[in-house]
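1. Show me the folded form of this:
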Amino acid sequence: MQSKKDNFQLYFVAIVPDEPLRSEITQLKEWMHKEFGSKAALRSPPHITLHMPFKWKPDKEKALVDSLTLLGEQLHPFEVKLSNYSCFEPRVIYVDVVESEGLYKAKEEVMELSRKIWKLQVPRDMRGFHPHITIGFRDLKKPMFYKAWEQIKDKPFEASFDANALTLLKHNGKNWDEFQKFPLIK
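-> Residues are numbered from 1 along each chain as shown. Have a look, this model is predicted:
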């Protein structure tokens, strides 16, 4: 017998960099796994989260797809700059993202969409938004965090990419898959 909980899947909305940057960041995630035992970041493609994971019924995916398609048509592509590394001590290490108007606009619009159209309960407060691309997290043990942070904190990392699509990711029970991209075409 299937429970009500089984009728839902997990989704989230993000900006995902294109190649070759995507592979370069994936190599950092692989280094964190090999050297420090953190593999959780490898369960998703490199990304900047715009909407945290939420539960949704798969038979209502069309509502997500239609609304994100329309939103993509209303947003301009924008540049995303990455600069060095930072952390949320003592579990998360990430590539830092330079704050930008385009990124905050995309985040704000996705959150507005989730409140008004998807009817999800989400906080209005944007102060908690700290854009980043995680390379090591959750399963990074405290002693390993400090070893990894010591090795990476002063290393330079500079890159940029054009954010030209929103991406809806869907959890497959083990990992996050890119379910669909929504071009930014305004």
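2. Any chance of the backbone angles for the most centrally placed residue in the chain?
-> Geometric centre of the chain, nearest residue: T49, 2.9 Å, by Cα atoms, centre = their mean. Here is the backbone geometry of T49 (degrees, to the nearest 10): phi -70, psi 130.
3. which residue sits closest to it in space, ignoring its chain neighbours?
-> Among residues not flanking T49 along the chain, A14 sits closest, at 5.2 Å (Cβ to Cβ, 6 or more residues apart in numbering). For every residue, glycine as well, the C-beta is placed using N, CA and C.
4. going on from the helix or strand that contains that neighbour, what's the next piece of helix or strand?
-> Per DSSP states H and E, A14 falls inside strand 9-15. Using DSSP H and E, the helix or strand that follows strand 9-15 in sequence is helix 21-36.
5. That following helix - contacts with which helices or strands?
-> Applying 3 or more Cβ pairs under 8 Å, 6 or more residues apart in numbering; DSSP states H and E, we find helix 21-36 packed against strand 92-97, strand 132-136, helix 142-152, strand 158-163.
6. and the angle from the longest one to helix 21-36?
-> The one in question is helix 142-152. 130 degrees (axes from the mean of the first three to the mean of the last three Cα atoms, to 10 degrees).
7. And the closest residue to Q74 other than its chain neighbours, how far from T49?
-> Among residues not flanking Q74 along the chain, K186 sits closest, at 5.7 Å (Cβ to Cβ, 6+ apart). Distance, K186 to T49, using Cβ to Cβ, to the nearest Å: 22 Å.
8. Kindly report the same for W176.
-> Note on W176: its distance to T49, by Cβ to Cβ, is 11 Å.
9. shared neighbours of the two, anything?
-> Common neighbours of W176 and T49, using Cβ atoms under 8 Å, 6 or more residues apart in numbering, are F12.
10. Which strand runs longest in this structure?
-> strand 78-88 (DSSP state E).
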